[in-house]
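Trainee: structure here, sequence nowhere to be found:
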Ligand code: HEM
């Protein structure tokens, strides 16, 4: 054990006291379904078994195809959104309108991308498209992709109509990009005197399961005492300003924001392209406040898949909410009709925390100490005293300040969140230390019953605190899904 890894007696005593006070039970009494089987694997298998690699063209336009499309026979076309010329597998039923639509968009201006076709088939294969339209936004309970580009924006316009127009343009572009299409008239537009509508770096790339998840921050409702957009009265009570937690060391330049877009994809270039193009469309109306790239998902919503490992080398996401567990999603993630406000029903609340890891200290810590910190073994991911990763944890067998013991619902009056974080490494900090850690993302039905009590407990007592520091923080209300082509991000809020 290194000097820095030793826990101070006072902290240990405090942790033990807290642990005693919490209703720790043998986890066999917990009604948590372990390892429910997801449809993802079978969907993936089905998709790869039934699709071909043919590239098809119509009206002089090369249409990228999502795996699984050919199998379903569904097709999608996005008027005004040029398809990316990828050597992929989209069926072309209904595509005939795209050429016309392209012409219309070129004549009518930028980003007039509206989909007329069906959404892509649900899938888990890395090249596929994930449906954009639905009751909930994609990117929450849908299978977690490998890469992240998260952007937080300040709204710079004070014109409500301009903001609404932006959200409509963003939605159209998001629908196009998630389906594997280019934005607007595309990267190679007819008028070479103008900058193209699409920046072009995703040309030839597959949809890569890109999801774009949109949220609104507290600053949209009120900023510096001003109700800029007439929305103050519509601020959800659950969208609180997060309290300051013990040991927080937050950088304002990496915190907050009026709007956010979480871009997740299996190809980093597809995620970066999406954020870049949304920022480009938003120029003059919004400005990126901060952004975060992430790799190596640190959670899973598909428990049958291999659990990913975080930068500390431990499996992370073992006991997350499964994407097909509708009962737990309804209970812990989606805003219900009785929760209010109406415009948030079907939405969720997102907490993002940039958590830096003291990697060098961790790397000098013994394996035994590392395993004590989490309460799980490093190899299998099994809880203390158990054999397999998905065995029910016996909390009392863990040290009182073990992360898993403290984060478990039984130690927090049942508090349960959906985690969807990513690892990050942003170079070094000038002292030769890696600027690396976990970009923690959690979704919940109410922040006050989710992240806040959980983090209050962890910030006070968690053995992991020796090795981490929270350096960025933001909270957003994530509205329900975009229902159809007439709907747009935030429509229910501005209605
Ligand atoms: C760098 C910071 C963190 C690391 C490295 C980390 C790592 C882990 C690991 C390895 C597990 C065990 C596997 C699993 O069930 O997923 C776990 C579980 C968990 N963590 Fe974290 N975590 C971090 C921060 C947080 C934060 C900030 C929260 C919430 C405020 C949190 C909430 C949870 C929850 C709810 C569980 C599942 C507990 C259970 O039901 O057994 N973690 N974490």
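Mentor: Looks like it came in fine. These numbers were taken from a predicted model, which means no experiment stands behind them.

Trainee: give me the neighbour count for the residue lying closest to residue 222 once chain neighbours are set aside.
Mentor: Leaving aside its sequence neighbours, residue 222 sits nearest to residue 232 (CB to CB, 6 or more residues apart in numbering; 5.1 Å). Bear in mind the C-beta positions are built from the backbone N, C-alpha and C, glycine included. As a burial measure, residue 232 scores 12 neighbours (other CB atoms under 10 Å).

Trainee: look at residue 232 and report its pLDDT.
Mentor: What the model reports as pLDDT for residue 232 is 97.

Trainee: just the element for residue 470, please.
Mentor: strand 468-478 (DSSP states H and E).

Trainee: cool, and residue 167?
Mentor: Going by DSSP H and E, residue 167 is in helix 160-178.

Trainee: report the buried residues of the host helix or strand of residue 260.
Mentor: Using DSSP H and E, residue 260 maps to strand 259-265. Residues of strand 259-265 classed as buried by neighbour count (16 or more other CB atoms under 10 Å): 259, 260, 261, 262, 263, 264, 265.

Trainee: about what we covered before: near the ligand at all, the strand holding residue 470?
Mentor: Yes - contact of strand 468-478 with the ligand (CB under 6 Å from any ligand atom) involves residue 468.

Trainee: picking up where we left off before, from residue 475, how far out is the residue nearest to residue 222?
Mentor: 17 Å (CB to CB, to the nearest Å).

Trainee: and residue 373, what does it touch?
Mentor: 402, 403, 463, 464, 466, 467 (CB atoms under 8 Å, 6 or more residues apart in numbering).

Trainee: repeat that for 7 Å
Mentor: 402, 403, 463, 464 (CB atoms under 7 Å, 6 or more residues apart in numbering).

Trainee: state the helix or strand in which it lies.
Mentor: helix 367-374.

Trainee: same deal with residue 150?
Mentor: Going by DSSP H and E, residue 150 is in strand 147-155.

Trainee: what residues sit buried inside that strand?
Mentor: Buried-residue list, strand 147-155, by 16+ other CB under 10 Å: 147, 148, 149, 150, 151, 152, 153, 154, 155.

Trainee: swap in stretch 177-192?
Mentor: Under 16+ other CB under 10 Å, the buried positions of stretch 177-192 are 177, 178, 179, 180, 181, 182, 183, 184, 185, 186, 187, 189.

Trainee: what's the distance between the second one and the ligand?
Mentor: Right, the one you point to is residue 178. 27 Å (CB to the nearest ligand atom, to the nearest Å).

Trainee: and residue 266, what does it touch?
Mentor: Here residue 266 is in contact with 126, 145, 146, 147, 208, 209 (criterion: CB under 7 Å, 6+ apart).

Trainee: now render the buried residues of strand 147-155 as a markdown table, adding distance to the ligand and pLDDT.
Mentor: A markdown table is the format used below for the buried residues of strand 147-155 (distance: CB to the nearest ligand atom, whole Å; pLDDT from 0 to 100):
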| residue | distance to the ligand | pLDDT |
| --- | --- | --- |
| 147 | 19 | 96 |
| 148 | 15 | 98 |
| 149 | 20 | 98 |
| 150 | 16 | 98 |
| 151 | 21 | 98 |
| 152 | 18 | 98 |
| 153 | 24 | 98 |
| 154 | 25 | 98 |
| 155 | 28 | 98 |
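
Trainee: closest to residue 279 among the residues you listed?
Mentor: The closest of the buried residues of strand 147-155 to residue 279 turns out to be residue 151 (CB to CB; 6.9 Å).

Trainee: ok, that closest one touching residue 259?
Mentor: No - Residue 151 lies out of contact with residue 259 (CB atoms under 7 Å); the separation is 8.7 Å.

Trainee: shared neighbours of the two, which are they?
Mentor: With CB under 7 Å, 6+ apart, residue 151 and residue 259 have no common neighbours.

Trainee: pull the contacting residues for residue 426.
Mentor: Counted by CB under 7 Å, 6+ apart, residue 426 has contacts residue 435.

Trainee: quickly find the element holding residue 423.
Mentor: Short version, using DSSP H and E: residue 423 is in strand 422-428.

Trainee: for the next helix or strand after that strand, which strands pair with it and how are they oriented?
Mentor: Once strand 422-428 ends, the next helix or strand along the chain (criterion: DSSP H and E) is strand 434-444. For strand 434-444, the paired strands and their directions (DSSP bridges) read strand 348-357 (antiparallel), strand 418-419 (antiparallel), strand 422-428 (antiparallel).
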